[in-house]
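# Coordinates for the following, if possible.
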Amino acid sequence: MFIFNQYRMKALSEVSRLHYKKHALVMAILLLICGACCLLFPFMAGMYLAYMTGMMFMICGFYTLYCLLVFRTQHWKSKLVSAVFAIAWLLLGYSFIVNPLVGINSLSIVFCCLFIIGGVSRIVSGFTMRGRAGAIWNVLIGVFDLLIAAIWLGLNPSQSYLFTTAFIGLEMIFSAGGFISLRKKLSLAQPKKLAMKDSQ
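Take a look at the predicted model:
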């Protein structure tokens, strides 16, 4: 993840600026390709997403077990918690790989919960800061989040599978737009630096 503001951009050296420009372009291209695949081939993309999510869960589980064996001096409570999390991650990963349809539907439930939490938080924030700029927008976006969650929860498993894949694809495309915007801003930073050097 790239986190930049205007001050950090101005402080970047020429080598760093070119480095981040290349990475931003590569990330934008990869996200655009993956997002387009999710929209054009939702069923196959959903299966691959489920497999990748399952593998990541299993990697986390094996890594937790590895840490459990390496750091043996921990307190028994820490060992117990680590063992429980390792088993949970391994079981989740296995379920995602064995049955990708159930895995993607599980992800959709997680996304719905996040939309509900985000919607309620925005509405509460909007009413808390009422009278200030942006308060009404917070409430409206919060209501919109809750509507999306309600529609999502009302879909059958097959529709939810396709909707989740399409949602991930759109999120990737918007993220690609963010990287393209970052690359343009990094390109605009060069003339300003050269002008400052010439004036000195």
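# you'd agree Thr164 is up against Ile104?
Yes: here Thr164 reaches Ile104: they are 5.4 Å apart, a contact under C-beta atoms under 8 Å. Where you see a C-beta, it was placed from the backbone N, CA and C, and this is true even at glycine.
# Mind listing the shared neighbours of those two?
When contacts are counted by C-beta atoms under 8 Å, 6 or more residues apart in numbering, the set common to Thr164 and Ile104 consists of Gly46.
# low pLDDT regions in this protein?
1-17, 19, 72, 74, 133-134, 186-200 (pLDDT under 70).
# switch the cut-off to 90
1-28, 30-32, 34-35, 37-54, 56-58, 60-61, 63-119, 121-200 (pLDDT under 90).
# hey, where'd the helices end up in it?
6-11, 14-40, 42-70, 76-98, 100-128, 135-154, 157-199 (DSSP state H).
# For the ones you listed, give me TSV that also has mean neighbour count.
As requested, the helices of the chain are exported to TSV (neighbours: other C-beta atoms under 10 Å):
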stretch	mean neighbour count
helix 6-11	11
helix 14-40	16
helix 42-70	16
helix 76-98	15
helix 100-128	17
helix 135-154	15
helix 157-199	15
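# would you put the C-alpha positions of stretch 24-35 in CSV?
Taking Å, rounded to 0.1, in the frame of the first residue of the first chain, the C-alpha atoms of stretch 24-35 are listed here in CSV:
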residue,chain,number,x,y,z
ALA,A,24,2.2,2.2,-9.3
LEU,A,25,2.0,1.4,-13.1
VAL,A,26,2.5,-2.4,-12.5
MET,A,27,-0.1,-2.5,-9.7
ALA,A,28,-2.6,-0.5,-11.8
ILE,A,29,-2.2,-2.9,-14.8
LEU,A,30,-2.5,-6.0,-12.6
LEU,A,31,-5.6,-4.7,-10.8
LEU,A,32,-7.2,-3.7,-14.1
ILE,A,33,-6.6,-7.2,-15.5
CYS,A,34,-7.9,-9.0,-12.4
GLY,A,35,-10.9,-6.6,-12.1
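# Contacts for it next, please.
Contacts of stretch 24-35 (C-beta under 8 Å, 6+ apart): 2, 45, 168-173, 175-177, 179-180, 182-183, 186.
# what's the distance between that stretch and the middle of its chain?
Centre-to-centre, stretch 24-35 and its host chain are 14 Å apart (C-alpha atoms, centre = their mean, to the nearest Å).
# and if you look at stretch 90-101?
20 Å.
# for Asn156, phi and psi?
phi -80, psi 170 (degrees, to the nearest 10).
# so how many other residues sit close to it?
8 (other C-beta atoms under 10 Å).
# Chain neighbours aside, what residue packs nearest to Gly54?
Phe96 (3.0 Å; C-beta to C-beta, 6 or more residues apart in numbering).
# List the residues that contact the one you found.
By C-beta under 8 Å, 6+ apart, the contact set of Phe96 is 50-51, 53-54, 57, 102-103, 106.
# let's see it at 6 Å
50, 53-54, 103 (C-beta atoms under 6 Å, 6 or more residues apart in numbering).
# Kindly report the same for Gln159.
Taking C-beta under 6 Å, 6+ apart, one finds nothing in contact with Gln159.
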